[in-house]
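Enquirer: okay, sequence plus prediction incoming.
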2 protein chains.
Amino acid sequence: MNIIIIDDDELVTSALKTILEASGTLKVLASGTDGTDAIKLYEKYRPDILLTDIQMQGISGLEATETILKKYPDAKILLLTTFLDDEYIIQALRLGAKGYILKHDYKSILPALEAVYSGQSVFGTEIISKIPELLNSAPKFDYASYDINERELKVIELIAEGLSNKEISAKLYLSEGTVRNYLSIILEKLELHNRTQLAIFYYKHK
Amino acid sequence: MNIIIIDDDELVTSALKTILEASGTLKVLASGTDGTDAIKLYEKYRPDILLTDIQMQGISGLEATETILKKYPDAKILLLTTFLDDEYIIQALRLGAKGYILKHDYKSILPALEAVYSGQSVFGTEIISKIPELLNSAPKFDYASYDINERELKVIELIAEGLSNKEISAKLYLSEGTVRNYLSIILEKLELHNRTQLAIFYYKHK
DNA sequence: ATGTGAAGATGACAAATGTCACTTTATCAT
DNA sequence: ATGATAAAGTGACATTTGTCATCTTCACAT
C-alpha cells in the first residue's frame, strides 16, 4: 500500500512515516505541508491513499480533497484532525472522503488505512455517533440565549406548523392580540420581519 | 482479538471462522445462528467484537444490537449484511453499532475488525455516501406534477427565502399585483392557505 | 388577418398581520 | 399591605396579504 502524508507540522509527517512504515506493510511515497502539496503530490504519485490534515495554511485539506476528488473520483482520502469540528465532518462526508480520524490516535491510523485500502470508510466512533444529530439538527439554535421563553417558543412552533394567529390563540387559550404581541416581540428578538421568515428560521435551525 | 460470529447460515459462520482465524491475529470464541444466541453468547464471553448478521429468524441482529448496547454501552458490534437496506443503516447508526459491511466482501472484514478493535467505526463506502440523503430523506417534491411552472417555482423559492411580495416583484421585474396573483394560484394548486405554509412546505420537501 | 391563449397588470376588497401604547390581573417577596 | 414583576389583554392603526374579476399585450398557429 502506497500513501502520501500531508500535515502542517513536519514533525508529525516524519513521525507518522516512521510509525507507519515500521509495520512493513506500507510505503510513504512522499509528504507535504499544505493543500497545494497534497494536490501536486497526489497527481504525481497517484498513491493508494492520501492521508491529510484538515487545517493548514493556504489551501485546506478539505479544499484539496474537493479538488482531487473532482478529478479523480476514486481517490481514497483519509482526513486527519486534531479536534472535532462539526462543520468539517459533514463537509467531508458530502465530499466523499473515505475517513475522518483523530491524528493523535496513533494506533488507529494503520488499521484505518488498511480498512480504507480494502474499500471501507472509517470514522472515529465519536464522529459517527454525531452524524444523525448533525444532519438532522443542523447547528441547533439555542432560543434561550435569545431570551425566548417557554411561551414564546410554543408560539414559534405553532407558527412553524403554519397556523394563523387566531388558530394559535385558540390552541394556547390566549387572545389573538396577545399572540400578535408575542410574535412582534419574537420577531424583534430574532431580528426577523414576519412570520414566514420565522418559520424558515425555525426549520433551518431545527 | 476475540470475536463471536452470528449468522443464520452455519456455512457462513464456519467459513468466516476459517478465513479470519487463518490470519493468526484473532480468535473466534463462539458462533451462533440468531439474535438470541448473539445476546446469550455476548454475555457469556464478552468478546472484543461481535460480528453479526442483520436478517435472521426470530430476534434480528439489530434488535440484539439494541439489547446488548443497552446493557453494555461499550460493546463493539459489527453488522454484516448481504444487501443494502436504507432503514437498517440509519437504525444501526442510531443504535451505535461500530460498523456495517457487506458480508460477501471477504477481504474487507478483517481490516474492518482491526479498525473497530482500535476504536474506529467502519462502513462500506457506498453506505457512507448515502447517509446525507437518507437522513434528509424527505421524498423530494415534484412541483411539475402539480402544474407549477418555471415562473411560479421562482416565486416559491423567493417566498422560501422570506421575501415580501414587493421584494419579489422587484427581483422578478413583475408588478406586485402579479406576484400576488401567482401566489394565489400556487396556494390553490398546492392546497395551502398562506405564504408561511408554502415556505414550510418548501423546506419539508426540499 | 385573425383569434386563441399565455403572461402580466389593475383595481377593489376583505382579512390577516405586525406595531405600539396602555391596561388588567395575578403572584410573590418584603 | 404594598410595591414590583411577569403574563395576558385591549384597541387603534398602518401594512401586507390573498382573492377575484377584468383588462392589455403579444406571440404564433391556422
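Expert: Happy to help now that I have it. These numbers were taken from a predicted model, which means no experiment stands behind them. Numbers count the residues shown, from 1 in each chain, chains lettered A, B, ... in the order given.
Enquirer: ranges for the helices of chain A?
Expert: A:10-22, A:35-45, A:61-71, A:86-95, A:106-117, A:125-136, A:150-159, A:165-172, A:176-190, A:195-204 (DSSP state H).
Enquirer: can you put these in JSON lines and add mean pLDDT, mean neighbour count and distance to DNA strand D?
Expert: Backbone N, C-alpha and C define where each C-beta goes, glycine included. JSON lines is the format used below for the helices of chain A (pLDDT from 0 to 100; neighbours: other C-beta atoms under 10 Å in any protein chain shown; distance: least, C-beta to the nearest atom of the strand, whole Å):
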{"stretch": "helix A:10-22", "mean pLDDT": "91", "mean neighbour count": "15", "distance to DNA strand D": "53"}
{"stretch": "helix A:35-45", "mean pLDDT": "94", "mean neighbour count": "19", "distance to DNA strand D": "45"}
{"stretch": "helix A:61-71", "mean pLDDT": "90", "mean neighbour count": "20", "distance to DNA strand D": "38"}
{"stretch": "helix A:86-95", "mean pLDDT": "73", "mean neighbour count": "17", "distance to DNA strand D": "33"}
{"stretch": "helix A:106-117", "mean pLDDT": "90", "mean neighbour count": "23", "distance to DNA strand D": "50"}
{"stretch": "helix A:125-136", "mean pLDDT": "62", "mean neighbour count": "17", "distance to DNA strand D": "28"}
{"stretch": "helix A:150-159", "mean pLDDT": "88", "mean neighbour count": "17", "distance to DNA strand D": "4"}
{"stretch": "helix A:165-172", "mean pLDDT": "90", "mean neighbour count": "16", "distance to DNA strand D": "7"}
{"stretch": "helix A:176-190", "mean pLDDT": "90", "mean neighbour count": "16", "distance to DNA strand D": "3"}
{"stretch": "helix A:195-204", "mean pLDDT": "92", "mean neighbour count": "21", "distance to DNA strand D": "7"}
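Enquirer: between the ones you listed, which gets nearest to B:Asn181?
Expert: With C-beta to C-beta, the closest approach to B:Asn181 among the helices of chain A belongs to helix A:195-204: 18.2 Å.
Enquirer: the closest one vs helix B:150-159, what angle?
Expert: 80 degrees (axes from the mean of the first three to the mean of the last three C-alpha atoms, to 10 degrees).
Enquirer: only C-alpha atoms, please: export helix A:195-204 in CSV.
Expert: Taking C-alpha atoms only, helix A:195-204 is exported to CSV below (Å, rounded to 0.1, in the frame of the first residue of the first chain):
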residue,chain,number,x,y,z
ARG,A,195,-43.9,35.1,10.4
THR,A,196,-42.7,33.5,7.2
GLN,A,197,-39.2,34.4,7.9
LEU,A,198,-39.7,33.0,11.4
ALA,A,199,-40.9,29.7,10.1
ILE,A,200,-38.0,29.5,7.7
PHE,A,201,-35.6,30.3,10.5
TYR,A,202,-37.2,27.6,12.6
TYR,A,203,-36.7,24.9,10.0
LYS,A,204,-33.2,26.0,9.2
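Enquirer: what's that helix in contact with?
Expert: Applying C-beta atoms under 8 Å, 6 or more residues apart in numbering or on different chains, the external contacts of helix A:195-204 come out as A:138, A:141, A:156-157, A:159-160, A:162, A:183, A:186-187, A:190, A:192, B:159-162, B:195-196, B:199-200, B:203-204.
Enquirer: tell me the contacts of A:Ile185?
Expert: Taking C-beta under 8 Å, 6+ apart, one finds A:Glu152 in contact with A:Ile185.
Enquirer: please read the previous query as pertaining to A:Tyr72.
Expert: Contacts of A:Tyr72 (C-beta under 8 Å, 6+ apart): A:Tyr42, A:Arg46.
Enquirer: what do you get if the cut-off is 10 Å, keeping everything else the same?
Expert: A:Tyr42, A:Glu43, A:Arg46, A:Leu50 (C-beta atoms under 10 Å, 6 or more residues apart in numbering or on different chains).
Enquirer: ok, the nearest residue to the last one once chain neighbours are set aside - how many residues close by?
Expert: Read it as A:Leu50. Nearest residue to A:Leu50 in three dimensions, chain neighbours excluded: A:Ile77, at 4.8 Å (C-beta to C-beta, 6 or more residues apart in numbering or on different chains). Burial of A:Ile77 is recorded as 29 neighbouring residues (other C-beta atoms under 10 Å in any protein chain shown).
Enquirer: need the contact list for A:Ile77.
Expert: A:4, A:6, A:38, A:42, A:47, A:49-52, A:61-62, A:64-66, A:68-69, A:92, A:95-100, A:116.
Enquirer: rerun that using 7 Å as the cut-off
Expert: A:Leu50, A:Thr52, A:Thr65, A:Ile68, A:Ala97, A:Lys98 (C-beta atoms under 7 Å, 6 or more residues apart in numbering or on different chains).
Enquirer: also A:Val179?
Expert: Neighbours of A:Val179 in contact, by C-beta under 7 Å, 6+ apart: A:Val155, A:Asn165, A:Ile168, A:Ser169.
Enquirer: how many other residues sit next to the nearest residue to A:His205 once chain neighbours are set aside?
Expert: Spatial nearest neighbour of A:His205, excluding adjacent residues (C-beta to C-beta, 6+ apart): A:Phe141 at 3.5 Å. When neighbours are defined as other C-beta under 10 Å, A:Phe141 has 16 of them.
Enquirer: same question for A:Gln57.
Expert: For A:Gln57, using other C-beta under 10 Å, the count is 10.
Enquirer: ok, for it, nearest residue in space, not its chain neighbours?
Expert: Nearest to A:Gln57 is A:Asp34, by C-beta to C-beta, 6+ apart, at 5.5 Å.
Enquirer: now do the contacts for that neighbour.
Expert: A:Met56, A:Gln57, A:Gly58, A:Ile59.
Enquirer: for it, give me phi and psi.
Expert: phi -160, psi 180 (degrees, to the nearest 10).
Enquirer: close to chain B, is stretch A:92-106?
Expert: Yes. Using C-beta under 7 Å from any C-beta of the partner chain, stretch A:92-106 comes into contact with chain B via A:Leu93, A:Arg94, A:Gly96, A:Lys98, A:Ile101, A:Asp105.
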